[in-house]
Structure formats: structure tokens, C-alpha cells
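In: show me the folded form of this:
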Amino acid sequence: QTLKQMEQAEYHFKQAISRQVNYSSAHNNYGVFLCQQGQITEAEQQFLTAIKNPLYNSAAQAYENAGLCVGLIPDTTLAESYFRKALQLQPHLAKSLVNMAELRFLDIDYEPALSYIKRYQEIAQWTPKSLFIAIKIANRLNDPNAVASYALLLKAKFPDSDEALAVKKGQY
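Out: All right, here's what the predicted structure looks like:
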């Protein structure tokens, strides 16, 4: 896969799975591969197969991967369901937290969105995406000090990002 030999990569993923049906890590990794290839339904099935194994200790990661993948469709309801399950198993998954903040924001549910972004802030490094979501939430909650603070941080840490450009244009 790293060498961009996708047919061979898929062959080897299938070999790993066929040799050990309960090899949940292989199912999860194959799901990520399939998602990257745009095969969302097949990827989701691989994530769910990984999760079915009660001995799999990375089920939270598989749920998060499923959420990220179905979010590409976008099936936001299903993605949210997977992110919630991931966070129930492992409350500190950064990608699940930031995506839940964004989904709550899109559903005009700003207080829970703020809660998710604050949880994210406690455990992860800011990214342009997470700061932009924080700015949008603070703006909707009429908190100009937070908007200014997040915007300053975004412009300082990620001055060349699309999100910083949007903020400079007041597009939030």
C-alpha cells in the first residue's frame, strides 16, 4: 500500500484475513484501505467484523474509523453513532471528539459542540480544522473573546491554512 501497489496490497489484506478469520487488526486495517479506495460500504463491513471479536482491544479505533469513513458519504447520523460508540469505549479519541464537535455544530446544538471541543483541547494539539470549529462554535455562542483568542491562535500556528484564510475573510 505504501508503495502504491494497490492490487498487491488488497491481495495481502485478503490473505491475512483468510488465514486468520478473527484477526481483527487486519480487518480494521483492510477497512481503512478500502475507505481510502472509496469503497465505503465494504470498509464499514470490515470495521464491524473487527469489532465483533470480543477479544479485540482496539474496538474504539475501529468504531472511530467507521465514523470517519461513513462520514465521507456523508451519512452524518451513522457517523455520529460510531463516534459515540468509540468515545464510550475510549473517551479520549481526538478525531472522534473533533468530529462530534463538528456534527453537533452542524445540528445547531452549540453547547454540546463546545463541550466536545473543550474535551478535544484537553487531550490533543490544535489543528487548523479543530481551531476553525472552535471559532465557529464560539461565534454562534456570541463569545467574541473566545473567537478572537482562537482566531489569533489559528493565524499564529497555521497562517497558511485554508481555515486561517477563511477567518481573515470573516467567513465563519
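In: can you report phi and psi for Y56?
Out: The phi and psi values for Y56, taken as degrees, to the nearest 10, are phi -70, psi 120.
In: quick check: chain neighbours aside, which residue is closest to it?
Out: S24 (3.7 Å; C-beta to C-beta, 6 or more residues apart in numbering). For the C-beta atoms, the positions are set from N, CA and C on the backbone; glycine is no exception.
In: so the one you found sits against L48, correct?
Out: No. S24 lies out of contact with L48 (C-beta atoms under 8 Å); the separation is 10.7 Å.
In: okay, these two: which has more neighbours?
Out: S24 (24 against 15; other C-beta atoms under 10 Å).
In: ok, the more buried one - contacts?
Out: S24 makes contacts with T49, A50, I51, N53, L55, Y56, S58, A59, A62, as judged by C-beta atoms under 8 Å, 6 or more residues apart in numbering.
In: can you check W126 too?
Out: Residues near W126 by C-beta under 8 Å, 6+ apart: L153, L154, K157.
In: over to F132?
Out: Counting by C-beta under 8 Å, 6+ apart, F132 touches L154, E163, A166, V167, Y172.
In: if you set the cut-off to 6 Å instead, what comes out?
Out: E163 (C-beta atoms under 6 Å, 6 or more residues apart in numbering).
In: show the pLDDT at it.
Out: What the model reports for F132 is a pLDDT of 98.
In: and the helix or strand hosting A166, what does it pack against?
Out: Taking DSSP states H and E as the criterion, A166 maps to helix 162-168. In terms of contacts (3 or more C-beta pairs under 6 Å, 6 or more residues apart in numbering; DSSP states H and E), helix 162-168 is packed against helix 144-157.
In: same thing but 10 Å
Out: Applying 3 or more C-beta pairs under 10 Å, 6 or more residues apart in numbering; DSSP states H and E, we find helix 162-168 packed against helix 128-140, helix 144-157.
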